[in-house]
Every structure is written in C-alpha cells, then in structure tokens.
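Enquirer: based on what follows, work out the 3D shape:
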Amino acid sequence: MTSRNLIAALVVALVAPAGLGQEPSLAEIAKQEKKRRKAAARAADQPTRTITEEELAKPAGGTFSAPQGAPGEPAPAASPAVGAAPGAAPGATPEKTEEQVRDESQQKWREDIQKARDDVAKYEAQVSQLEAAVGDTTQNVHSASRANRIAALEQAKTQLTQARQRVEDLENAGRQSGYR
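Expert: Here you go, the predicted structure:
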C-alpha cells in the first residue's frame, strides 16, 4: 500500500512543476483574444477617408494659411474633414461636448479598473497555486526548485499587493469623479 502512495507522490511531483510553467492558460488566452477583438471593433468604427486618383494627381504645394497661387487669385477650397459639421471651418475637428468627454473618461476608467481587477484575480490564482506547491512536503524541502517556488511566491505576492492597490486607487478616483 505504501508503494502506491510513493508512486502517487512521484506523479504529483512530476506533474506539479508542469502546471507552474510560463505558458498562459486557456482563460488568459481567451481574455487576450476578447480584448484584441474589442480593439479591432473600435478601430473599425473610426471614420476613414478614401483618397482618390484625382487627389493624388493634383500638384502639391502651399498650405491652408499660405495657399499656392497668385496673390489676387482665390485659393481653391479645401475639402471638409470627414465627420466635420456642415459649415464648420475646413480642417477643424468638431469639439466634443462636456458630456461626451465625461462619457469617454468614464469608459476609460471602467476599462482600467476591469483590467486591474483581472490582474488581481490572476495574481491571486498564481499565489494560491504557488502556496500549494511550496506547502507540498512530499518533495525535498531543501531543493533548488522549492527555493525557486518560494522566490516566485514572494514576487507574486508583491504583484498582488500592487494590483490591489491599483484597484483601490482607481475606485477612489472613480468615487471622486462621480463614476458608477
């Protein structure tokens, strides 16, 4: 019966370090893919401007403040910027309202706090996994791999503390700004 326990302990000892590798888990890969798709969707929502062959064939020169041409000759009208309001000055971007600026700021804050909370969850899982590995007394307690795990555990605890502090700071900033 003790040989079975010994074999089981050896199997656990051989499999446990494989779980501590640096390769990302499936959940982390899924989160990264979700963030990548969200960023791609945001980029696709941005208005684009198509440059035509006619625009490329026009000679370059002059600026908006000092157009090219004779002094008495009127300057050619510049095409309005994409998304510019009709009647707005050429080259001017429409100004955002205070509400739009606040909404964008709140959305950025939500993204930042979600990322910080994800980091906390990641480090908590890492700390618990390393604590279990360090607490496993079936392995040689004086081995180099255990010392490496202890060092990794301390580093993970430091990162967890920093991530928790970041969440707390972001929550305080959100309360001060009146975000919900």
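Enquirer: for the rest of this, base every contact and every neighbour count on C-alpha atoms.
Expert: OK.
Enquirer: give me the longest helix you can find in this structure.
Expert: Criterion DSSP state H: the longest helix present in the chain is helix 98-135.
Enquirer: do you know the pLDDT at Ala8?
Expert: Ala8 is assigned a predicted lDDT (pLDDT) of 66.
Enquirer: what segments of this protein are strands?
Expert: Taking DSSP state E, the chain contains no strands at all.
Enquirer: need the helix or strand of it with the lowest average pLDDT.
Expert: helix 2-19 (a mean of 61; mean pLDDT, DSSP states H and E).
Enquirer: helices and strands around the longest helix of the chain, which ones?
Expert: For helix 98-135, the packing partners by 3 or more C-alpha pairs under 8 Å, 6 or more residues apart in numbering; DSSP states H and E come out as helix 144-177.
Enquirer: what packs against the helix it packs on?
Expert: Partner elements for helix 144-177 (3+ C-alpha pairs under 8 Å, 6+ apart): helix 98-135.
Enquirer: list the buried ones in the helix it packs on?
Expert: 106, 109-110, 113, 116-120, 123-124, 126-127, 129-131, 133-134 (16 or more other C-alpha atoms under 10 Å).
Enquirer: what's the angle between that helix and helix 144-177?
Expert: 160 degrees (axes from the mean of the first three to the mean of the last three C-alpha atoms, to 10 degrees).
Enquirer: what's the average pLDDT for helix 98-135?
Expert: Mean predicted lDDT for helix 98-135 stands at 88.
Enquirer: one more: stretch 39-57?
Expert: 76.
Enquirer: same check on stretch 159-174?
Expert: Averaging pLDDT along stretch 159-174 gives 90.
Enquirer: any chance you could list what contacts stretch 119-128?
Expert: Leu153, Ala156, Lys157, Gln159, Leu160, Ala163, Arg164 (C-alpha atoms under 8 Å, 6 or more residues apart in numbering).
Enquirer: using JSON lines, lay out these together with neighbour count.
Expert: Shown next, in JSON lines, are these (neighbours: other C-alpha atoms under 10 Å):
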{"residue": "Leu153", "neighbour count": "21"}
{"residue": "Ala156", "neighbour count": "20"}
{"residue": "Lys157", "neighbour count": "18"}
{"residue": "Gln159", "neighbour count": "17"}
{"residue": "Leu160", "neighbour count": "21"}
{"residue": "Ala163", "neighbour count": "22"}
{"residue": "Arg164", "neighbour count": "18"}
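Enquirer: closest to Glu33 out of these?
Expert: Checking these against Glu33 with C-alpha to C-alpha, the nearest one is Ala163 at 21.8 Å.
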